[in-house]
Structure formats: C-alpha cells, structure tokens
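J.: Pasting the sequence and the predicted model now:
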Amino acid sequence: MKNNLILLRKTTPRWIVFSVDVLICFVALHVAYLIRFNFSIPQTEWIPYIYYVLPIVIIVRGLSFYIFKTYAGIVRYTGVEDSLRILKVLFGGSIIFIIINILTYLTNSIFVIPFSIIIIEFLATVFLMVFLRLLIKSYFFELATSHRFRSLIAIVGKETFALSVKRSLDNDLSMNYQVLAFFDISNSNKNLRLDGVKIYPFSEFEKVVLKQKITHLIIADEHLTKESKREISEQAIELGIKVLEVPPLKLWINGELNLNQLKQIKIEDLLEREVIQLDKKNISQQITGKVVMVTGAAGSIGREIVIQLTAFLPSLIILYDQAESPMYDLTLELEEKIKFKAYKYIIGDVTNSERLEYIIKRYKPLVIYHAAAYKHVPVMENNPAEAVLTNVK
C-alpha cells in the first residue's frame, strides 16, 4: 500500500509521454496498412512505406505533439478537454498529409500517402491515444481508492442534472464516492441505465439501498416539490442513510459542481411551519445595549438564536455550552463571518447549578435564552433519566 501511495504522488516524465505517443503513431500507421491491404502488405508498398510514408507521418505527428504540447497534461487526470485537444491536433496533422498528397500529385502525379491510409491512421491514432490515457486514468483511480473505504451513493434523479453530479463524484478522488444507483421518482424508467448505472423506480428504494448497502443519498432532481423531498429524506434517514442535497444549477461554480456545496439534510430541516414574523421593535428594546445570555449556544437552535441576536447589537452575549468543538466553530463564525466580537464564551453544563448561578451573578444578563436541551424525542424516550435531568430539572 505504501508503494502505491508513493506511485500516486509521482508524475510520468513528459518525454516518456511524448515517446509513447509517437510510438502509438507508428503502431497506428502499421495497423492502417494492414487493414488497407487485408493484412498482407504487397512488396511494392514496402519501399514507399518505409522511406516516405513512415518518416513523413512520424515527423508531422511528432512536431504537432511538440508544438501543441499534447504530452504536457497529467495523464491520470485526462478529461474531455485533453481528449478534444488530441483530436484537434491529430486532425490538423491529417490535413497536412492531405496537403502533401496534393503537392506531390501536382509535381509528380502520385499520392505519397494513400487517402485510405490517412483516414484509417487518423482513426486508429485517436482511438489508441485517448483509450490509453483513459485506461491509465482508470488504473490510478482504482489505485487511489482501493485502500480507503468508499461511501456508497444513490442519486435521486435521472436527467442531465443527476448525471453531472455523478461525474463530479467520479472525478473527485478526495471524496471517494461510488455511485451504485439512480432512483426515478416517477417510476417510469425501470431497467434503464445512466452512465452505466442502473435506474431504479423509487418504489424499490428500501430494497435496493439495503441490498447495495447505500450509505449516502443525494437528491439531484430540480423538479421535486418540497413535499417530495421531505418524504424521500424521511424514508432515507429512517434507514440510517445520510441525505445530501445539491444546490441549484445557478450556484455551481463556473457551471461545475463543487462537492463541498453538497448540504446534508438533517431531521430538524424537515420540520414544516409557517415563517414567524418577529416583533423587531420590541426585541430591540429588550436586547440593544444589554447583556444577554444563551445556554446551549453551540447547538443548532442556540447557535441560530445567537446569530439572530447579533443584529440587535447587545453590549455582550454570554455563550454557555458544554460542547467545546461546536463552541469554537461558533466563535469563528461570529468573528470571521459576522464580524461580531461582543461575546464571552463559557464552557459549562446547565445541570451544574452552582456554576450557572456564579456565571449569572458575575455577568448579570438581563435576558437569558435557555436553549440547552436534548431535542431528539425518540432518542430521549429511551433515556428518560437524562432527559429529565437536563430538560426538566
């Protein structure tokens, strides 16, 4: 494994890539002659082939590779742009062969390179150069991911949007995702495939994800209603599957999806209620210029309360929570994103009444927002003692 990792860090020298490409041209030319003459090249063709055609092809191809630097790309990351560049360079070289033929015909009434050879050689060279690069890319992809656990992915969607998500996952080795299934919410594409991956009707969702051991579900269907997204997410979360949502196409960076933009959908995100309009004037009178305290400040609810409070400019916000890592993340967000520094973070447990009383006496908050509580009902029903200790006492 260690040797594999070292190999992954190395880049093939450009002169080797260039040499292999030239060798491919030689092989493709020879294959073209074999195909043109039914695998039996006549003796009369050997002399022009060796003394004229072969040198012309190798020189033209070699110069075009050198000038347009087809060898400069990192082979293991070959993409559509690299393949198109190879196609254009080879096509340009074939045009030069045709021009040479025209000139020799005008001067000596002969075609140095048979036109059938030009066509076959072009097709064979394109195929061999692109195929070899894609083969190497696939090899390095397997090498890079074989020593790590793969997250097994299913995607809800069946159109271009979903296909773009899959290809973004395939091209990003750092994420180590493997797409095993597409789901069609309309249940109308049974037994079809998209980019080699089977499309299942959503009615088979539970059976497929359990059989394939799916760990993540990505919602990539722009036409889904909020109600459909909620139902899909609830079903997946009940099966222990993490649900991720793709941002709208207009938010993609330069038309490409950045996988860091995938947002995980949590249980609390599925709650539906009307937007509550705050009485900002009343809140401002209570908060502006005052000391405010938020317990459970680093939790999902407490954090949002803190963020909302900053807009009312309290003189100080006391952040009280026992979770040090989320607390640290909250302080970074306050300083770097919101540019709010009038806060004091304190690590503490609300069940520790003596410490809580000390903090309140010391800082004298006028308003306390109590958000320190366990909120997942099914979990706390199985742990009633802790629920009562934190949420009730």
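T.: Right, received. Where do you want to start?
J.: Which pLDDT value belongs to the spatially most distant residue from the centre of the chain?
T.: Seen from the C-alpha centroid of the chain, the residue lying at the greatest distance (CA atoms, centre = their mean) is Asn108, 58.3 Å away. Looking at Asn108, its pLDDT is 84.
J.: What ranges does the stretch 151-300 of the chain have for its strands?
T.: Applying DSSP state E, counting those that start in this stretch to the stretch 151-300 of the chain gives strands spanning 151-156, 177-184, 192-194, 197-201, 216-219, 242-245, 263-265, 291-295.
J.: Comparing those strands, which yields the minimum mean pLDDT?
T.: Ranked by mean pLDDT, the strands of the stretch 151-300 of the chain bottom out at strand 263-265, with a mean of 73.
J.: Contacts for it, please.
T.: The contact list for strand 263-265 (CB atoms under 8 Å, 6 or more residues apart in numbering) reads Ile219, Lys229, Ser233, Ile237, Lys242, Val243, Leu244, Glu245, Pro247. C-beta: built from backbone N, CA, C; applies to glycine.
J.: Show me what the first one bridges to in the sheet.
T.: Residues found in beta-bridge contact with Ile219 (criterion: DSSP bridges) are Val156, Glu245.
J.: ok, now which ones touch it?
T.: Neighbours of Ile219 in contact, by CB under 8 Å, 6+ apart: Val156, Gly157, Lys229, Ile232, Ser233, Val243, Leu244, Glu245, Val246, Ile265.
J.: what's the closest of those to Ala181?
T.: Nearest to Ala181 out of these is Val156 (CB to CB; 9.7 Å).
J.: before we move on, back to that, could you identify the buried members of the contacts of Ile219?
T.: Among those, the ones that count as buried by 16 or more other CB atoms under 10 Å are Val156, Gly157, Lys229, Ile232, Ser233, Val243, Leu244, Glu245, Val246, Ile265.
J.: JSON lines please, covering those residues and showing distance to Tyr177.
T.: What follows is the buried ones among the contacts of Ile219, written out as JSON lines (distance: CB to CB, whole Å):
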{"residue": "Val156", "distance to Tyr177": "15"}
{"residue": "Gly157", "distance to Tyr177": "15"}
{"residue": "Lys229", "distance to Tyr177": "21"}
{"residue": "Ile232", "distance to Tyr177": "19"}
{"residue": "Ser233", "distance to Tyr177": "19"}
{"residue": "Val243", "distance to Tyr177": "14"}
{"residue": "Leu244", "distance to Tyr177": "10"}
{"residue": "Glu245", "distance to Tyr177": "15"}
{"residue": "Val246", "distance to Tyr177": "13"}
{"residue": "Ile265", "distance to Tyr177": "17"}
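J.: Just give me the closest of those residues to Leu180.
T.: So of the buried ones among the contacts of Ile219, ranked by how close each gets to Leu180 (CB to CB), first place is Val156, at 13.1 Å.
J.: was I right about that closest one contacting Ile218?
T.: Yes. Counting by CB atoms under 8 Å, Val156 does reach Ile218; the two are 7.1 Å apart.
J.: would you say Leu319 is within a strand?
T.: Yes. Counting by DSSP: H, G, I helix; E, B strand; the rest coil, Leu319 falls inside a strand.
J.: can I assume it is in contact with Ile307?
T.: No. Between Leu319 and Ile307 there is no contact under CB under 8 Å: 11.4 Å.
J.: More neighbours: which of the two?
T.: Counted by other CB atoms under 10 Å, Leu319 and Ile307 do not tie: Leu319 has more neighbours, with 22 against 15.
J.: List the contacts of the more buried one.
T.: Leu319 neighbours (CB under 8 Å, 6+ apart): Val294, Ala297, Ala298, Val306, Met327, Leu330, Thr331, Tyr343, Lys344, Tyr345, Ile346.
J.: How much space separates the spatially closest residue to Ile232 that is not a sequence neighbour from Tyr51?
T.: Nearest in space to Ile232, with sequence neighbours left out and distances taken as CB to CB, 6 or more residues apart in numbering, is Val156 at 6.1 Å. As for Val156, its distance to Tyr51 is 63 Å (criterion: CB to CB, to the nearest Å).
J.: Flag every buried residue along stretch 15-28.
T.: Buried residues in stretch 15-28 (16+ other CB under 10 Å): Val17, Phe18, Val20, Asp21, Val22, Ile24, Cys25, Ala28.
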